[in-house]
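>>> I would like the atomic coordinates for the input below:
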Amino acid sequence: MEHIDFDDNITEETLQASKVDLRAVQEAIRRLLSAFGENPKRAGLRQTPQRVARMYAELLAGYQMDPLALVNGALFEVKYDEMVIVRDIEFYSMCEHHLLPFMGRVHVAYIPDGKVLGLSKIPRIVDMFAHRLQVQERMTRQIADLIRDLLKPQGVAVVVEALHLCTMMRGVQKHNARMTTSAMHGAFRSNLATRQEFLDNISRGASPLQI
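Numbering: from 1, shown residues only. As a prediction, the model looks like this:
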């Protein structure tokens, strides 16, 4: 894999693990710049194809993440059967329809059945699915399904709120429109009171989404 030395946050380890074909992305970006009427050889754009290739290796790193390795044994046996909520998990993803970002926050809850998950692992699960070409509906379901499969809890609930640049920058250009999606399993799906307790908790003190 080609080594490109730029001062950014992506590590060489991420680059090596990535399945992104850096050379192919660079050539595609050069062709796009020309198609836009730009000169890919001018000073400001000369290194843009390399930067974009590295950016995609970072933004799409979720394809290479192994859920079991990500959890890394952080499943703990605990006698606790009340609701666990992790709210306001910030995320950034890429819409697969226009390759534009969408961003927002994720709220996750589960009711343990003998096992709990290390606190830091839930945001990591969110990041794993966000760092792929996505649609919000699928990402919401993937997060809920994985936590269900890992923990076998009494129930799982996930709510995702996001702003989509594809509706803000183009098309209808509605700058304040946001999308909310949810996925419920177990007690959150079958028990209205349990679901309402979760929704009340995540709405309490919530601030508007902003870019």
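>>> from residue 110, how far out is the most centrally placed residue in the chain?
Geometric centre of the chain, nearest residue: residue 130, 1.7 Å, by CA atoms, centre = their mean. For residue 130, the distance to residue 110 (CB to CB, to the nearest Å) stands at 19 Å. For glycine as for every other residue, the C-beta is placed from the backbone atoms N, C-alpha and C.
>>> same question for residue 151.
6 Å.
>>> mean confidence score for the lengthiest helix in the chain?
Counting by DSSP state H, the longest helix found in the chain is helix 136-151. Computed over helix 136-151, the mean pLDDT rounds to 98.
>>> what's the following helix or strand after it?
strand 155-164 (DSSP states H and E).
>>> tell me what whichever helix or strand comes after that following strand is packed against?
Scanning forward in sequence from strand 155-164 by DSSP H and E, the next helix or strand is helix 165-168. Here helix 165-168 touches strand 101-111, going by 3 or more CB pairs under 8 Å, 6 or more residues apart in numbering; DSSP states H and E.
>>> quick check: angle from the strand it packs on to strand 155-164?
170 degrees (axes from the mean of the first three to the mean of the last three CA atoms, to 10 degrees).
>>> got the CA coordinates for strand 101-111 in CSV?
Provided in CSV are the C-alpha atoms of strand 101-111 (Å, rounded to 0.1, in the frame of the first residue of the first chain):
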residue,chain,number,x,y,z
PRO,A,101,-22.0,13.3,5.6
PHE,A,102,-24.8,12.8,8.0
MET,A,103,-24.2,13.4,11.7
GLY,A,104,-26.0,13.4,15.1
ARG,A,105,-26.3,11.4,18.2
VAL,A,106,-27.3,7.9,19.2
HIS,A,107,-29.1,6.9,22.4
VAL,A,108,-28.8,3.2,23.5
ALA,A,109,-30.5,1.3,26.3
TYR,A,110,-30.6,-2.3,27.3
ILE,A,111,-32.0,-4.3,30.2
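>>> now do the helices in the protein.
12-17, 22-35, 48-59, 67-71, 121-130, 136-151, 165-168, 187-190, 192-203.
>>> closest one to residue 97 among those?
helix 165-168 (6.6 Å; CB to CB).
>>> buried residues, that closest one. List them.
167-168 (16 or more other CB atoms under 10 Å).
>>> what comes into contact with it?
Residues from elsewhere that reach helix 165-168 (CB atoms under 8 Å, 6 or more residues apart in numbering): 95, 97-98, 100-102, 173-175, 177.
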